[in-house]
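Q: Sequence first, then the predicted structure, then my questions.
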Amino acid sequence: MRLGVAATPEVAVPTLNWLKTSGHTLVRIISQPDKPSGRGQEMNSSPVSQWAKTNSIELMTPVTAAEIDSALLDLDLLITIGYGRILPATTLLIPKFGCINLHFSLLPKYRGAAPVQRAIQAGETESGVSVFALDPGMDTGPIYTSITVPIESTMRSYELLDKLSVIGVEAVKDALTAIENGSTPVPQTGQASIAPKITREEAKLDWNSSSQAVLNTIRAFYPQPQAWTNFRGQPLKISSATISESDLKLKPGELRVVGNQCLIGTGDSSLALEKLTPSGKKEMSALDWSRGARFESSERCG
């Protein structure tokens, strides 16, 4: 088939690598226009745009709906992976076999922008990928294929997303075979849930919550926007932690160095902080940070 891919993030790259060597023809890549980023606000291309340029695949970065439509006229199928733009119903009908999407959850759970982060935040023990036919709804179309994977207890969002991006190659491969064979996708069933975009404010840690809930938030929001708290009036980002086995009773947010661990109290026990980023500094070990900070008696984050 003559295929196009509309994608923006790094997680689309494993699928792109496979498509380039598959028996299909990867006609073009559609990605978001270059955007300013960093302190200097320099214009930067998306990871998918960079891949297209490196691999000499035609790249389009349309701004208008009409420009998107024109990019689909000669395609048999469009595959979308985190493109970041909802396509109107009329656009979905342009390719011969329509459009499919690779989504990083087991639909209908976690429809929306942040399925991996929301699954970890909720304490889920499994996740997966779904490839479905796009319709005008938000991740509501019928499913061609899905693959389930366990979420390991130490996985953070980027680690799970990396794993799912590789598993997604098999899901896309199976979906393309099903489409070529004329198979009909199956309507979604089960309890639906939404995975909305994450805001920085909700990534602020609530030390009155349970240790497991706080740990899930740290895991879910790494590396973006990253879980954070306040220490001495400045933001402190937390990269990783574990649930402490210490029986020391600490108040929520209270800091204490015990042996070679930097402990912080929660609503039911305490966490051992591992990696963090103080304001204006690079990521460092929590123990090194605590030695420099020299906590005062009963000093707390919050």
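A: Yep, it's here.
Q: Who does the lowest-mean-pLDDT helix or strand in the chain pair with, and is each partner parallel or antiparallel?
A: Across the helices and strands of the chain, mean pLDDT, DSSP states H and E gives its lowest value to strand 35-37, namely a mean of 77. Strand pairing for strand 35-37, using DSSP bridges, gives strand 42-44 (antiparallel).
Q: now the partner strand, how far from the centre of its chain.
A: Taking C-alpha atoms, centre = their mean, to the nearest Å, the mean C-alpha location of strand 42-44 is offset from the chain mean by 22 Å.
Q: and what of stretch 55-75?
A: 25 Å.
Q: as a whole number, average confidence for it?
A: For stretch 55-75, the mean pLDDT works out to 97.
Q: got the contact list for it?
A: Here stretch 55-75 makes contact (C-beta atoms under 8 Å, 6 or more residues apart in numbering) with 2-4, 6, 16, 20, 26-34, 49, 51-53, 78, 85, 87-88, 90-91, 94-96. All C-beta atoms are positioned from the backbone trio N, CA, C, and that covers glycine.
Q: Which members of those residues are classed as buried?
A: 3-4, 6, 16, 26-32, 49, 51-52, 78, 87, 91, 94-95 (16 or more other C-beta atoms under 10 Å).
Q: Domain-wise, how is this protein divided?
A: 2-180, 201-293 (automatic domain parsing).
Q: Of all those domains, which one comes closest to T189?
A: Nearest to T189 among the domains of the chain is domain 2-180; the distance by C-beta to C-beta comes to 7.5 Å.
Q: okay, now E42: neighbour count?
A: 10 (other C-beta atoms under 10 Å).
Q: my read: it touches P36, true?
A: Yes: in terms of C-beta atoms under 8 Å, E42 counts as a neighbour of P36; the distance is 6.5 Å.
Q: ok, and the closest non-adjacent residue to R28?
A: E58 (3.9 Å; C-beta to C-beta, 6 or more residues apart in numbering).
Q: now that neighbour: how far from T80?
A: Per C-beta to C-beta, to the nearest Å, E58 is found 17 Å from T80.
Q: and these two? which has more neighbours close in?
A: T80 (23 against 12).
Q: Quick check: beta-bridge partners of the more buried one?
A: Counting by DSSP bridges, T80 forms beta bridges with A6, N101.
Q: Name all residues that make contact with it.
A: T80 neighbours (C-beta under 8 Å, 6+ apart): V5, A6, A7, L87, C99, I100, N101, L102, L134.
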